[in-house]
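*Asks:* Predicted model, plus sequence, below.
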Amino acid sequence: MNRFDLSPDLKNLPVIYAEPWVQIAPGMVAPTMEGAAFDRQGNLLVCHRNRPWSNVVRIHPDKSFETIYHNDDAILIGVAIHKDGRIFLVDIDGKKLYELSPEGKEQRELFSLCGHPIKANDLAFDREGNLYVSEFEGDRNDPRGGIWRLEADSNYTVMNKIVGGLASPNGVAFSPDYSLLWTGETTRNCVTRIMLDETGHLSRHFLAVHPTYQCSGFEVTDSNKADADGNIYTAMMYGGRVLVTNSVGVPVANVLLRDREEGTCMFSPNLAIKPGTKEGYIVSSGTAGAWIYKFETLAPCAPLFSEM
């Protein structure tokens, strides 16, 4: 068995191939890309970094792209877009959350305003505009991570912890009706479902926090996105793969990078689904450079706050 083999329970699942779409920064050796989100104009924003600096790159539908934000001392790892066009970015090492204008001009650093600097990893808006952020801390023996919520009615200057006891939660994705929040607990290597009540806080149900699928092997769970049927697409870090589970967490498909077994773009930590379409985009990087791969999802994108 080699690092490209799938576990026995996944080998017989349908396979969807993701094809190379566009390369970012050709010629740069082993840059890293993370974070992926679409704006209202159909442009894909990604975080492109090579320690100690990070860029935010805007990629247009015609595959042209430009850098709209640069930070000399930040590890930008997640991006979410407000329906008014504002861009929200997390700096995992600096424990910062930046708010940018739609044009990429830095406006505020929100964790300092809230008084809770956390090691954030990913983020997503609910349908009311509240911003949920994963706190990437802890492991299976010491699960200190959690999910926080920045309140929309405070203009994101008040944040509250929604749930704790997680092992380095990574992605943040909502079910189509926003009753469930899904995350990948990276150091527990599982896909976890979190039940929310009607106010968007943790449900009192005795199975409110439930790991639905335990992964195995070299690759680990990273960020995730949802489609309109409730399927969850979890990027597998170091796997060149996206695991697709259904609305109750059962695996239903694998998305594989077309050239996965060459091992040159195995760092595949994030993805985005273009609103109103079945177009999925995976950010991936390695010795072949930084690439965006494109694939067809099982259902169109779930409704996003950026499009409401």
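*Replies:* Sure thing, it's come through. Residues are numbered from 1 along each chain as shown.
*Asks:* make it CA atoms for all contacts and neighbour counts henceforth
*Replies:* Fine.
*Asks:* how about low-confidence regions in the stretch 1-150 of the chain?
*Replies:* For the stretch 1-150 of the chain, the stretches with pLDDT under 70 are 1-4, 27-30.
*Asks:* quick one, helices of it?
*Replies:* For the stretch 1-150 of the chain, the helices defined by DSSP state H, counting those that start in this stretch cover 110-114.
*Asks:* Who does the strand ranked longest in the chain pair with, and is each partner parallel or antiparallel?
*Replies:* Identified as the longest strand of the chain according to DSSP state E is strand 15-24. If you go by DSSP bridges, strand 15-24 pairs up with strand 251-257 (parallel), strand 289-296 (antiparallel).
*Asks:* who does the helix or strand containing Thr221 touch, helix- and strand-wise?
*Replies:* Per DSSP states H and E: Thr221 is located in strand 220-226. Here strand 220-226 touches strand 173-174, strand 180-185, strand 190-195, strand 232-237, strand 267-273, going by 3 or more Cα pairs under 8 Å, 6 or more residues apart in numbering; DSSP states H and E.
*Asks:* how many neighbours does Ala124 have?
*Replies:* Residues near Ala124, counting by other Cα atoms under 10 Å, number 27.
*Asks:* Report the contact partners of it.
*Replies:* Going by Cα atoms under 8 Å, 6 or more residues apart in numbering, Ala124 touches 80, 131-133, 172-173.
*Asks:* My read is that Gly94 contacts Ala74, right?
*Replies:* Yes. Applying Cα atoms under 8 Å, one finds Gly94 in contact with Ala74, separated by 6.4 Å.
*Asks:* More neighbours: which of these two?
*Replies:* Ala74 (21 against 15).
*Asks:* Bridged to Phe125, which residues?
*Replies:* Bridge pairing for Phe125 - DSSP bridges - gives Leu131.
*Asks:* that older thread, what is the nearest of the contacts of Ala124 to Val46?
*Replies:* Val46 has its nearest neighbour among the contacts of Ala124 in Ala80, at 9.9 Å by Cα to Cα.
*Asks:* what separates the closest one from Asn50, distance-wise?
*Replies:* Applying Cα to Cα, to the nearest Å, the value for Ala80 to Asn50 is 21 Å.
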